[in-house]
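Asks: below are the sequence and a predicted model; questions follow.
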Amino acid sequence: MRLLSDSIGRKAVVAVTGLFMVLFVVVHLLGNSTIFAGPDGINAYAEKLHGLGPFVWAFRAFMGVMLCLHVIFAILLTLENRAANPEKYAVKKMLKTTFAGETMIWTGLLLLAFIVYHLLQFTVRVTPDIVLGNDAKNRVDVFTMVFTSFRITPIVLVYVAAMITLFLHLSHGIQSIFQTIGLNNDKTMPQFGALGKVLSALFLVGYSAIPVLILAGILAK
Amino acid sequence: MSAHTSDDKTMSVKLIVWRQKGPNEPGRFETHLAKGITGHHSFLEMLDVVNEDLIKQGKDPIAFDHDCREGICGTCSTVVNGVPHGGQERTTLCQLHMRKFKDGDAIYLEPWRARAFPIIRDLVVDRGALDTLIQAAGYVSCHTGGVPDANAIPISKPDSDYAMDAAECIGCGACVAACPNGAAMLFAGAKVAQFAALPQGQVEAPERVAAMINAMKECGFGNCTNHYECQAACPKGIDVKFIARLNREFHKALFKAKAGAFIPLVEGE
Ligand code: HEM
Ligand code: SF4
Ligand code: FES
C-alpha cells in the first residue's frame, strides 16, 4: 500500500493539497479585503507581507508544490477513471451527482489557467494593464494598480468568471475532502455538504465584490 | 398503488435492447415489441414473454442474468432507461413490476458497462471481478472447528447493526454500473467496513485494506470521485459512509503499518 500509487492514496493527496489551497483561499480573501480600507489598508498590508522576506518565498514554494501535486494527481486520477469506463451508455440518468461534480477536471484546468494569469498580472506584474508606482508614503501602490486594472470591463468579467469556476470546483470539492480523508459518515454528510456550499458561495461573493465594486464606481479612491 | 383493474389491462412496450453475440463481437441496439404485458408482470417476466416470442420466430432470445427473482441473490443486472435495476428505490430489477410503465413506453436495456465487467452476451456481463475482491480481502482467517459459544466474543448492538448494514450488499455490481468511473468502492467499502466494525476483523485489518485496493486496481476498477451515484443505484441502499470508512481504514493502515504488513510509502516494493 503506497501513498502515491494507490487509488485511495492518490485521492488523499488531491484532497489534502485541495484542503491547503482552500485554506489559502480563505486567508487570501481576508488579505484582499484590506482594500475596503482604501489605499492605506491594502498598501500597508502588502508592505507588511513583503517585509517577511524569506517566509514569503517559503510560503509561495509550499503553495506551488501543493498546486503541482493537486494538478498532477487530479489529472492522473481522471485519466485512470476514463480508462476504467470506456463504453458509454446510450442512455444514462445521473441520480445524485451535480454539474459541479461532473466538471471537476474542467473547472480545475480553468482555475489553473486563471492562476497563471492572475500571478502574471498582480504578482509578476507584466500584463499590459498594470500601472506601477509608489504612494505618498513611498510604499508600492498596490491599491492604484488593482484599481486601474479593475476599471477595465473585460478584466472584471474574467475575474467574475474565474470566481464562478472556483465556486463550482469547491461546491463539490470541499465536501469531497471529508469523504476522501475518511472523516465522513451518514450524519455528517449533509453538514459537510452545506459547509462546502456556504464557503464556496462566500468566496464567490467576497472575491467578486472587489472587481465589481471598483468597476461600478462604488469602491473609489 | 394502482387498482387491480388497471394492473390487469394489457399493454405493449417497445424495448430497445443491447444485443452482442460474444465478448469480442460488436454490439448494437435492436428493437422488440413486448405485447400482452400486464402490470402484474415483473420486469424479468416481461422479458420472458418477449423471449418466448423470439424463440417461436426462430430468433435468438435476449440473454439476461437472473436467479432468485426475489431480490436477494444479486444476479439480475440490467440498466433500464439509464439506471441500473430501473430506478425504483431499493429494488432489484427482478422486483420491479411493469405497473411502473405505461402502454407505449420505449425502454432502453443495456448491460452493466465498466472495464472490469466484460460483456459475455447481450445483457450478461462477467462480474467475476467482484469475486476476485472477495478472494483478496473479503474474509477473516480463523480456525474452524466446533461452533463457538454464543456471546463468547461480545459485540455491541451498534457495532453489530453497523456490520449488518454493510453486510446487506448482495454483490450485484449496480454500484459499479452506476459509477461514472467504473469504481467498486461501495462494494469494497461495505466489505472492509463490515469487518472493521467487528473484533474478528481487527487482526488482518491493514492487510485487508491493502489487498482490497490492489485487487481493485488489478481488476480494472476506477477511483472514487465522490459522485455518490452508487448509493443512489444500490438496491440495498448501502451507504457511502462505508466508502469513507474504507478511506479511514486505508489511512489508519498507512500510519499504523505493523511488521509483516510493512508498507513503503512510495511506488515499488
Ligand atoms: C484554487 C485552486 C484549487 C482549489 C482550492 C482546489 C480544491 C479542490 C478540492 C478541495 C478538491 C476535492 C478533493 C477531493 O476529491 O477530496 C479538488 C478536487 C479536484 N481538483 Fe482541485 N482545486 C484547485 C485547483 C485545481 C486545478 C488547477 C486543477 C487542474 C487539474 C484541479 C483539478 C481537480 C480535480 C480533477 C479534482 C477531482 C478529484 C476527485 O474528485 O477525485 N483543481 N480540488
Ligand atoms: S453495494 Fe449495492 S449496488 Fe453495490 S454490489 Fe452491493 S448491493 Fe449491489
Ligand atoms: S434475480 Fe436474484 S436479486 Fe434479482
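Replies: In hand now; what should we look at? Ligands and ions are numbered 1, 2, ... in the order given.
Asks: who's in contact with the residue of chain A found nearest ligand 1?
Replies: As assessed by CB to the nearest ligand atom, ligand 1 sits closest to A:Gly108 within chain A, at 2.3 Å. C-beta: built from backbone N, CA, C; applies to glycine. For A:Gly108, the contact set (CB atoms under 8 Å, 6 or more residues apart in numbering or on different chains) comprises A:71, A:74, A:169.
Asks: what about the last one, helix or strand, and which?
Replies: This means A:His169. A:His169 is part of helix A:153-180, with elements assigned from DSSP states H and E.
Asks: how distant is that helix from the center of its chain?
Replies: From the chain centre to the centre of helix A:153-180 is a distance of 7 Å (CA atoms, centre = their mean, to the nearest Å).
Asks: pull out the buried residues from it.
Replies: For helix A:153-180, the neighbour count (16 or more other CB atoms under 10 Å in any protein chain shown) marks A:155-156, A:158-160, A:162-163, A:165-180 as buried.
Asks: interface residues of chain A facing ligand 1?
Replies: Residues of chain A lying near ligand 1 by CB under 6 Å from any ligand atom: A:11, A:14-15, A:18, A:21-22, A:25, A:70-71, A:74-75, A:77-78, A:104-105, A:108-109, A:111-112, A:169, A:173-174, A:176-177, A:180.
Asks: can you name the residue of the stretch 1-150 of chain B nearest ligand 2?
Replies: B:Gly74 (6.0 Å).
Asks: am I right that that residue is in contact with B:Thr92?
Replies: Yes - using CB atoms under 8 Å as the test, B:Gly74 is close enough to B:Thr92 to be in contact (7.5 Å).
Asks: now do the shared contacts for these two.
Replies: Between them, B:Gly74 and B:Thr92 share these contacting residues under CB under 8 Å, 6+ apart: B:170, B:172.
Asks: and these two? which has more neighbours close in?
Replies: Taking neighbours as other CB atoms under 10 Å in any protein chain shown, B:Gly74 and B:Thr92 compare with B:Thr92 leading, 28 against 20.
Asks: would you check how far apart the more buried one and ligand 3 are?
Replies: 4 Å (CB to the nearest ligand atom, to the nearest Å).
Asks: could you report the pLDDT at that residue?
Replies: At B:Thr92, the predicted lDDT confidence score is 98.
Asks: contact partners for it?
Replies: B:71, B:74, B:76, B:85, B:170, B:172, B:235.
Asks: what does B:Phe101 give?
Replies: B:11, B:13, B:107.
Asks: pLDDT, distance to B:Glu25 and secondary structure added to those residues, as TSV?
Replies: As requested, those are arranged in TSV below (pLDDT from 0 to 100; distance: CB to CB, whole Å; DSSP: H, G, I helix; E, B strand; the rest coil):
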residue	pLDDT	distance to B:Glu25	secondary structure
B:Met11	97	33	strand
B:Val13	98	27	strand
B:Ile107	98	23	strand
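Asks: could I get the residues you listed as CSV with neighbour count and distance to A:Lys221?
Replies: Shown next, in CSV, are the contacts of B:Phe101 (neighbours: other CB atoms under 10 Å in any protein chain shown; distance: CB to CB, whole Å):
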residue, neighbour count, distance to A:Lys221
B:Met11, 19, 73
B:Val13, 19, 70
B:Ile107, 18, 66
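Asks: ok, and of these, which contact ligand 1?
Replies: When CB under 6 Å from any ligand atom is applied, no member of those is adjacent to ligand 1.
Asks: where's the residue of chain A closest to ligand 1 relative to ligand 3, distance?
Replies: Computed as CB to the nearest ligand atom, the A:Gly108 to ligand 3 distance reads 39 Å.
Asks: next, the buried residues of the helix or strand where that residue lies.
Replies: Assigned by DSSP H and E, A:Gly108 belongs to helix A:104-118. Across helix A:104-118, burial judged by 16+ other CB under 10 Å covers A:104-105, A:107-108, A:110-111, A:114, A:118.
Asks: dihedrals phi and psi, B:Ile16?
Replies: phi -110, psi 100 (degrees, to the nearest 10).
Asks: what's across from it in the sheet?
Replies: Beta-bridge pairing for B:Ile16 (DSSP bridges): B:Thr31, B:Tyr108.
Asks: distance of it relative to ligand 1?
Replies: Distance of B:Ile16 to ligand 1, given as CB to the nearest ligand atom: 33 Å.
Asks: burial count for that residue?
Replies: Per other CB under 10 Å, the neighbour tally for B:Ile16 reads 16.
Asks: surely it and B:Ile107 touch.
Replies: Yes - B:Ile16 is within contact range of B:Ile107, at 6.9 Å (criterion: CB under 8 Å).
Asks: A:Val156 versus the closest residue to A:His118 other than its chain neighbours, what's the distance?
Replies: Counting by CB to CB, 6 or more residues apart in numbering or on different chains, A:Ala162 is the residue found nearest to A:His118 once chain neighbours are left out, at 7.7 Å. Per CB to CB, to the nearest Å, A:Ala162 is found 11 Å from A:Val156.
Asks: ok, B:Pro158 next?
Replies: Using CB to CB, we find B:Pro158 at a distance of 54 Å from A:Val156.
Asks: kindly report the same for B:Phe255.
Replies: Shown here: B:Phe255 relative to A:Val156, a distance of 47 Å by CB to CB.
Asks: in stretch B:47-66, what's buried?
Replies: Buried-residue list, stretch B:47-66, by 16+ other CB under 10 Å: B:47-51, B:53, B:62-66.
Asks: that one and ligand 3, are they touching?
Replies: Yes - against ligand 3, stretch B:47-66 shows contacts by CB under 6 Å from any ligand atom at B:His66.
Asks: distance between the ends of that stretch?
Replies: End-to-end distance of stretch B:47-66: 11 Å, with CA to CA, to the nearest Å as the criterion.
Asks: got a list of contacts for it?
Replies: Under CB under 8 Å, 6+ apart, the answer for stretch B:47-66 is B:15, B:17, B:19, B:32, B:34-37, B:41, B:44, B:75-78, B:94, B:109, B:120-125.
Asks: now with 7 Å, please.
Replies: With CB atoms under 7 Å, 6 or more residues apart in numbering or on different chains as the test, stretch B:47-66 has contacts from B:15, B:17, B:32, B:34, B:36-37, B:44, B:75-78, B:94, B:121-124.
Asks: residue of chain B closest to ligand 1, please.
Replies: Going by CB to the nearest ligand atom, ligand 1 is nearest to B:Thr225 of chain B, at 3.6 Å.
Asks: what stretches of chain A score poorly on pLDDT?
Replies: Confidence mapping of chain A against pLDDT under 70 gives the ranges A:1-2.
Asks: run through the strands of chain B in chain order.
Replies: Secondary structure of chain B (DSSP state E): strands located at B:11-19, B:28-37, B:79-80, B:83-84, B:106-110, B:119-121, B:124-125.
Asks: which of those sits closest to B:Ala178?
Replies: Ranking the strands of chain B by their distance to B:Ala178 (criterion: CB to CB) puts strand B:83-84 first, at 5.2 Å.
Asks: please see if that closest one touches ligand 2.
Replies: No - using CB under 6 Å from any ligand atom, strand B:83-84 stays clear of ligand 2, coming no nearer than 7.3 Å.
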